[in-house]
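A.B. asks: Fold the following, please.
(one chain, ligands or ions: 1)
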Amino acid sequence: MNGKTAIVTGASSGIGEATAARLAKAGYKVYGTSRRGARGERSFAMLALDVTSDNSVEAAVAEVMRRDGRIDLLVNNAGFTVAPAGAEESSIEQSQSIFDTNFFGVVRMTRRWSGRWDAYTPSSLAWPPSLARLLESWPRRA
Ligand SMILES: NC(=O)c1ccc[n+]([C@@H]2O[C@H](COP(=O)([O-])OP(=O)(O)OC[C@H]3O[C@@H](n4cnc5c(N)ncnc54)[C@H](OP(=O)(O)O)[C@@H]3O)[C@@H](O)[C@H]2O)c1
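C.D. replies: I've put the predicted structure just below:
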């Protein structure tokens, strides 16, 4: 243990799961999160968290603070991509949904964690979610 605590959102699969496991191996006390919460054996703890919900964000961050009293590293990984063909085949609801998770989810977590949306420091905040797939395919005309 290095005495530091990390939250990795979207740690039930993919990049988030691998990042959380790597941080745990490096000595962080890691709280992975996902909407599904704890499932199966992992080298890090899992908490239920939906980044589209202010109340869920509040509850998860409060739980980590209650347990450890600190959050040294926040990895804002939770997110998804739109329909395979891109923006032109996605509904407005799908497009709004990706912004609510991939963009405003990051805003919610970062604000709750730091009290400030602009508190970016390279060593303490990571932000992989991508809106690129939505934006790069818009517009795409022959
Ligand atoms: N894979 C790529 O090539 C690629 C490229 C660029 C950017 N990215 C970004 O990297 C991130 C991870 O990608 P991935 O391929 O590893 O995806 P993934 O395997 O589908 O994992 C996404 C994670 O986000 C969680 N999640 C989704 N919606 C959530 C919500 N509303 N609240 C909380 N957690 C939520 C999922 O858990 P639950 O479903 O259990 O909530 C899951 O743990 C995404 O943000 C993606 O946009 C990926």
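
A.B. asks: C-alpha from now on. contacts and neighbour counts both.
C.D. replies: Noted.

A.B. asks: By mean pLDDT, flag the weakest helix or strand of the protein.
C.D. replies: One helix or strand of the chain scores below all others by mean pLDDT, DSSP states H and E: helix 132-136, with a mean of 51.

A.B. asks: Longest helix in this protein, please.
C.D. replies: Across the chain, the longest stretch assigned as helix under DSSP state H is helix 54-68.

A.B. asks: hmm, who's touching that one?
C.D. replies: Residues outside helix 54-68 that contact it (C-alpha atoms under 8 Å, 6 or more residues apart in numbering): 5, 31, 47-51, 70-71, 108-109, 112-113.

A.B. asks: So is stretch 97-115 next to the ligand?
C.D. replies: Yes: using C-alpha under 6 Å from any ligand atom, stretch 97-115 reaches the ligand at 101-102.

A.B. asks: How far does that stretch sit from its chain's centre?
C.D. replies: 8 Å (C-alpha atoms, centre = their mean, to the nearest Å).

A.B. asks: Check which residues of it are buried.
C.D. replies: If you call a residue buried by 16 or more other C-alpha atoms under 10 Å, then stretch 97-115 has these buried ones: 97-110, 112-113.

A.B. asks: Least confident of these?
C.D. replies: Lowest pLDDT of the buried residues of stretch 97-115: Trp113, 82.

A.B. asks: Spatially, and excluding backbone neighbours, which residue is closest to it.
C.D. replies: Val61 (7.1 Å; C-alpha to C-alpha, 6 or more residues apart in numbering).
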